[in-house]
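Enquirer: Okay, structure incoming, though there's no sequence with it:
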């Protein structure tokens, strides 16, 4: 399977077609992993062609060929922001507020084994929005949705699939973002401690 936006971050991928949501989130530029893949039509076209091929293989459903325009780029960036809000709200990283409506249709169709499947419908970026919201719904029904998170390092914000036993992961990579945050917190504690000691030292003569 090839999910190239997520591969830039070296993160564990969400299972099956749910990884398409993670892919969209990971198109955003972050740190040293590469540019915003929705920053130009050329980069976005390269990304979406690859991502939809991977989604089709994972889901077993056909995916259309989407040819993007500059207007489509704006739609994709709005869609990415909408999913960021939903993921952050679900992981309690930000206070709950008004979340964006999905406002997309899907079809329900039985497969050869008699199971009813959620099938994306629409054209262009509307089809993509339908596929993404359908995958979000399926992930919530399967209990996988809470494990899709954005790295707590706000400079990074890589989307990762948390496989820890108690779903307690907060960094996409502990050795990079986790250590950076811990070092920053340590330096801040030491700064505050030094400031406190300076205050105490300054008060000493007055108290004697």
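Expert: All right, it came through fine. Since we're looking at a predicted model, the values are computed, not measured.

Enquirer: Look at residue 15 and report its pLDDT.
Expert: Listed pLDDT for residue 15 reads 95.

Enquirer: Enumerate every residue touching the residue lying closest to it once chain neighbours are set aside.
Expert: Ranked by Cβ to Cβ, 6 or more residues apart in numbering and with sequence neighbours excluded, the top spatial neighbour of residue 15 is residue 144, at 6.5 Å. Every residue, glycine included, has its C-beta placed from N, CA and C. Taking Cβ atoms under 8 Å, 6 or more residues apart in numbering, we find residue 144 in contact with 14-15, 18, 161.

Enquirer: ditto for residue 65
Expert: residue 49.

Enquirer: What strand or helix carries it?
Expert: Following DSSP states H and E, there is no helix or strand that holds residue 65.

Enquirer: State the pLDDT value of it.
Expert: For residue 65, the model assigns a pLDDT of 95.

Enquirer: and the gap between it and residue 56?
Expert: 11 Å (Cβ to Cβ, to the nearest Å).

Enquirer: and what of residue 103?
Expert: Residue 103 is 24 Å from residue 56, by Cβ to Cβ.

Enquirer: which of those two has more neighbours?
Expert: Using other Cβ atoms under 10 Å as the criterion, residue 103 and residue 56 rank with residue 56 on top: 16 against 8.

Enquirer: Show the contacting residues for the closest residue to that one other than its chain neighbours.
Expert: With sequence-adjacent residues excluded and distances taken as Cβ to Cβ, 6+ apart, residue 56 is closest to residue 63, at 4.1 Å. Residues in contact with residue 63 (Cβ under 8 Å, 6+ apart) are 52-53, 55-56, 131.

Enquirer: Filter the residues you listed down to the buried ones, PyMOL style.
Expert: Buried subset of the contacts of residue 63, written as a PyMOL selection, criterion 16 or more other Cβ atoms under 10 Å:
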select buried, resi 52+55+56+131
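
Enquirer: Output the contacts of residue 63 in CSV, with distance to residue 74, secondary structure and pLDDT appended to each entry.
Expert: Formatted as CSV, the contacts of residue 63 follow (distance: Cβ to Cβ, whole Å; DSSP: H, G, I helix; E, B strand; the rest coil; pLDDT from 0 to 100):
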residue, distance to residue 74, secondary structure, pLDDT
52, 19, helix, 97
53, 24, helix, 96
55, 22, helix, 97
56, 25, helix, 96
131, 19, helix, 97
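
Enquirer: what's the farthest-apart pair in the contacts of residue 63?
Expert: Farthest-apart pair in the contacts of residue 63 is 53 and 131; separation 12.9 Å (Cβ to Cβ).
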